[in-house]
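Undergrad: sequence first, predicted model second:
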Amino acid sequence: MIPGESSGSAIILRLLRVSLHVGFAVLLLVATARVLMSGPVPSSWFSLVLALLLAAVYLIGTVLEKRHSTNPNRFDPRRYAAWWLGAVSALWLVLIWSSADFVWLAFPLFFLQLHVLPRRVALPVIAASTVLVVVALWFHNRGAAGPALELPMVLGPVFGAAFAVITGLAYRALYLEAKNQRLAAEELRRTRGELARSQHDAGTLTERARLAREIHDTLAQGFSSIVLMGRSAEKALDDGDTATARGRLRTVQETASANLAEARNFVRGLQSPDLEQMSLAGSLRRLCEKTEAEAAARGAGFRCRFDLEGTPVELSNPYSTTLLRAAQASLANVWVHAKASTAVVTLSFMGTEVAMDIYDDGVGFRPEPEGSGDSPHRKDGSGYGLRSLRERVTALAGTLDIESAPGEGTVVAIRLPLVDSAAAAGMPAIGDQS
């Protein structure tokens, strides 16, 4: 059961157990008192000693059972339950032959026999105990009633045994129900714990993937640019060209500042600083200018152009960030790996979707089939860009297509549905405005 809560069956079982023990104690006390009131004869003292011994044996068994039920790590008396019941029954048999007052202890004993013994053994034992009660009653009353049995001597024990069997079976059914409820509750707690752990692990992996994408698309690319510009500045200083070196160092400073702002923003889960200062189209245009300037600083003749088609609409933060990160990752691959001379970023608003195409005339490559990984991970940690980009787009129900071939350049095509973007921003979808 759940801690702090008790089921109805558990309460009923507790009341039945308490009633059984109290009934046994009361019947034993009454019988002993009647024996002592009959006079201080040797048989009375013998019955008193046996009654005290029976009370002690019964009490020891119930106390051990109670201690084990409250703390399963304590001594388990269940393996000795049949021996304990045998000792109680043997003492009771001696008592009923010493005095008829002890025969009424048979009724709580019937319940004990049903509880401790298997049903196929308990029923014959109860039947034998009933016969012994009838015989004991006849034996102690044979002088007053004559040798024949009277009907109450038979009906009383028989009806008592039948009532005990019916009640005992009901008790056992409740006991099994309470046990099943306890096992079900334990299984539920275990399942809840496993579910909580799996959800925690899934959340950890999701957050780790998010940080990996953000670091790759912002910090890693920025640091790569800083390293390249630093080398270019060092070469300019070696050549005595301080003006060029100063320009390179200024670019390093700007890139480092942008990286710092990006780090602070993605840790807080905010949008890119570029998108806070201008629109997506303006951020993409600025990205093209920055990429072209960095390429020129390294002495590469690289041209990057931005084209806008259609009427721009307001996009939600996840959509704008995904498109900007896609352009950053793609252009970084262009001027680092593609050896291209020209790149074109085209942002298109087409009614029900927004599209972005990044084209370059570089060396191209042979794309891996979708689902097999777009690029392998390398020992230096690179090779993560296209897979990260595909995860971003898929998370927004969009599509990512890569068209390339060796020597024929590359086109990265992204499509995002504008309906989902409007829903994410909390705005009515395009065409729904009245």
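TA: Alright, I've got the coordinates.
Undergrad: ok so Val354 is a strand residue?
TA: Yes - assessed with DSSP: H, G, I helix; E, B strand; the rest coil, Val354 lies in a strand.
Undergrad: contacts only, for it.
TA: By CB atoms under 8 Å, 6 or more residues apart in numbering, Val354 lies in contact with Val313, Leu315, Tyr319, Leu323, Leu347, Ser348, Arg415, Leu416, Leu418, Ser421. For every residue, glycine as well, the C-beta is placed using N, CA and C.
Undergrad: go again with 10 Å.
TA: Residues near Val354 by CB atoms under 10 Å, 6 or more residues apart in numbering: 280, 310, 312-313, 315, 319-320, 323, 347-348, 398, 414-418, 421.
Undergrad: which ones among these are found in strands?
TA: Counting by DSSP state E, the part of those found in strands is Leu347, Ser348, Ile414, Arg415, Leu416, Pro417.
Undergrad: could I get those residues in TSV, plus columns for pLDDT, distance to Asp360 and neighbour count?
TA: Shown next, in TSV, are those (pLDDT from 0 to 100; distance: CB to CB, whole Å; neighbours: other CB atoms under 10 Å):
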residue	pLDDT	distance to Asp360	neighbour count
Leu347	94	16	21
Ser348	93	18	14
Ile414	93	15	25
Arg415	93	19	17
Leu416	92	21	23
Pro417	91	26	17
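Undergrad: just the closest of those residues to Ala81, please.
TA: Distances from Ala81 to the ones in strands among the contacts of Val354, taken as CB to CB, are shortest for Pro417 (70.0 Å).
Undergrad: which strand residues bridge the closest one?
TA: Applying DSSP bridges to Pro417 gives these bridge partners: Glu353.
Undergrad: does it touch Glu353 like I think?
TA: Yes - using CB atoms under 10 Å, Pro417 is in contact with Glu353, at 5.2 Å.
Undergrad: joint contacts of these two?
TA: Joint contacts of Pro417 and Glu353 (CB under 10 Å, 6+ apart) are Gly398, Thr399.
Undergrad: ok so, going back, ok, which pair from the ones in strands among the contacts of Val354 is furthest apart?
TA: Leu347 and Pro417 (15.5 Å).
Undergrad: so which other helices or strands are in contact with the helix or strand containing Arg172?
TA: Arg172 belongs to helix 151-214 when elements are defined using DSSP states H and E. Secondary-structure packing of helix 151-214 (3 or more CB pairs under 10 Å, 6 or more residues apart in numbering; DSSP states H and E): helix 8-37, helix 106-116, helix 119-145, helix 242-267, helix 317-333, helix 385-395.
Undergrad: which stretches of this protein have low pLDDT?
TA: 1-13, 39-43, 142-150, 204, 207, 210-211, 213-218, 265-277, 368-385, 419-434 (pLDDT under 70).
Undergrad: in contact with the residue most central in space within it, which residues?
TA: Taking CA atoms, centre = their mean, the centroid of the chain lies closest to Leu195, which sits 1.6 Å from it. Residues near Leu195 by CB under 10 Å, 6+ apart: none.
Undergrad: distance of it relative to Glu186?
TA: Leu195 sits 15 Å away from Glu186, taking CB to CB, to the nearest Å as the criterion.
Undergrad: on that earlier part again, following the helix holding Arg172, which helix or strand shows up next?
TA: That would be, after helix 151-214 and using DSSP H and E, helix 221-238.
Undergrad: what does that following helix contact?
TA: With CB under 10 Å, 6+ apart, helix 221-238 has contacts from 215, 241-260, 262-263, 290-291, 294-295, 297-299, 325, 328-329, 331-333, 335-336, 382, 385.
Undergrad: can you rerun that using 8 Å?
TA: So helix 221-238 is contacted by 242, 244-245, 248-249, 251-252, 255-256, 258-259, 262, 294, 297-299, 328-329, 332, 336 (CB under 8 Å, 6+ apart).
Undergrad: for stretch 115-124, same thing?
TA: Ala81, Ala82, Trp84, Leu85, Gln113, Leu114, Val125, Val165, Gly168, Tyr171, Arg172, Tyr175.
Undergrad: pull the number of nearby residues for Gly240.
TA: When neighbours are defined as other CB atoms under 10 Å, Gly240 has 8 of them.
Undergrad: ugh, wrong one, I meant Ile226
TA: Neighbour number of Ile226 under other CB under 10 Å is 17.
Undergrad: same deal with the one 3 residues further on?
TA: A count of nearby residues for Met229, using other CB under 10 Å, gives 23.
Undergrad: how far out from the middle of the chain is the helix holding Arg172?
TA: 19 Å (CA atoms, centre = their mean, to the nearest Å).
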